[in-house]
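Student: Structure for the following, please:
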Amino acid sequence: MELGASLHHLHLTSPDPRRLADFYARTHGLAASAQAGRWVCAAPGRTLVLSEGLANRLEHALFGFADAGRWQAFKERVGARATAEVPPLPVACDDALAVRDPDGNLIVFALRPGTPAGVPGRDALPEAHLQHFALRTLDPVPMLAFYEGVLGFTLSDRVQDDEGVLRACFLRTESLHHALALFRAPVRCFDHQSFETTSWDDMKAWGDRMASIRETIVWGIGRHGPGNDVFFMVRDPDGNLAEISAEIEICPPDRPAGVWVHEERTLNLWGKAIMRD
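Tutor: Residues are numbered from 1 along each chain as shown. Next up is the predicted model:
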């Protein structure tokens, strides 16, 4: 059974968080406000927190539980591993704990996290909720072991080369194909965040949005192999990728993990891909 949590928000650092906040306001319709030394950028279903620091770094990711029973089972599972301090959060919640993965990324879990103050009730843009994010790592094997074996994420697909070396993996926390992707790369850093919309028509509207503000699409439109979602990506001023996607695979609980060949076509069935290593 999947964990039963969903991605609620990300907190990234940047040498110029105000510039990043302006970018996401312009491209993704996030209303930005300065709060306690950080920028909270939010719209219905999508929240991004920004503070000063190095580029391409995840300060924390928060996964939220809606069900108290699932939350209690998770707390019992993680137990003594949740030794990290819960950071100041931009929303209220009923309970929270935090862990650090083998690369040092802070992952927070909370029961019933709320909505940032000031988020409008309606969205002027097509629906798009924060659905997954990706990290680059020197070695995805210990990362996979931690997220799957310790935290209880479910492996949906793995990508490996001809020698059987793990090059990427995709893990889910609910029925959608992945809430987290891990890519083998020469550096440890944040890779991308993805906002899931509802249909091809919405994908077109989001593409027209980028065209109207003259924001270049750097990858796509394409279709991923793992997840089978259609997508395009833009790049923010720090070099992070920001994805709009649709039609991501809905996985039954008993779906066996798939194995994909390490090649461009795996990451984009329709053409060129960004190869992290």
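Student: which residues make contact with stretch 30-41 from outside it?
Tutor: Residues from elsewhere that reach stretch 30-41 (CB atoms under 8 Å, 6 or more residues apart in numbering): 11, 17-18, 20-22, 24-25, 42-43, 46-52, 88, 90, 116, 118-120. From N, CA and C alone the C-beta is placed, and that goes for glycine too.
Student: So which of those residues are in strands?
Tutor: In this view, the contacts of stretch 30-41 that belong to strands under DSSP state E are His11, Ala42, Ala43, Arg46, Thr47, Leu48, Val49, Leu50, Ser51, Glu52.
Student: Pull out the buried members of those.
Tutor: If you count burial by 16 or more other CB atoms under 10 Å, the buried members of the ones in strands among the contacts of stretch 30-41 come out as His11, Ala42, Ala43, Arg46, Thr47, Leu48, Val49, Leu50, Ser51.
Student: sorry, back to before: need the ones in strands among the contacts of stretch 30-41 in JSON lines with pLDDT and distance to Asp236, can you?
Tutor: Formatted as JSON lines, those follow (pLDDT from 0 to 100; distance: CB to CB, whole Å):
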{"residue": "His11", "pLDDT": "98", "distance to Asp236": "15"}
{"residue": "Ala42", "pLDDT": "95", "distance to Asp236": "16"}
{"residue": "Ala43", "pLDDT": "95", "distance to Asp236": "16"}
{"residue": "Arg46", "pLDDT": "96", "distance to Asp236": "14"}
{"residue": "Thr47", "pLDDT": "97", "distance to Asp236": "16"}
{"residue": "Leu48", "pLDDT": "98", "distance to Asp236": "10"}
{"residue": "Val49", "pLDDT": "98", "distance to Asp236": "14"}
{"residue": "Leu50", "pLDDT": "98", "distance to Asp236": "10"}
{"residue": "Ser51", "pLDDT": "98", "distance to Asp236": "15"}
{"residue": "Glu52", "pLDDT": "98", "distance to Asp236": "15"}
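Student: biggest separation within the residues you listed, which pair?
Tutor: Ala43 and Glu52 (22.7 Å; CB to CB).
Student: in the lowest-mean-pLDDT helix or strand in the chain, what's buried?
Tutor: For the chain, using mean pLDDT, DSSP states H and E, the weakest element among its helices and strands is strand 31-35, scoring a mean of 92. For strand 31-35, a neighbour-count test (16+ other CB under 10 Å) marks Ala32 as buried.
Student: Done for today, thanks.
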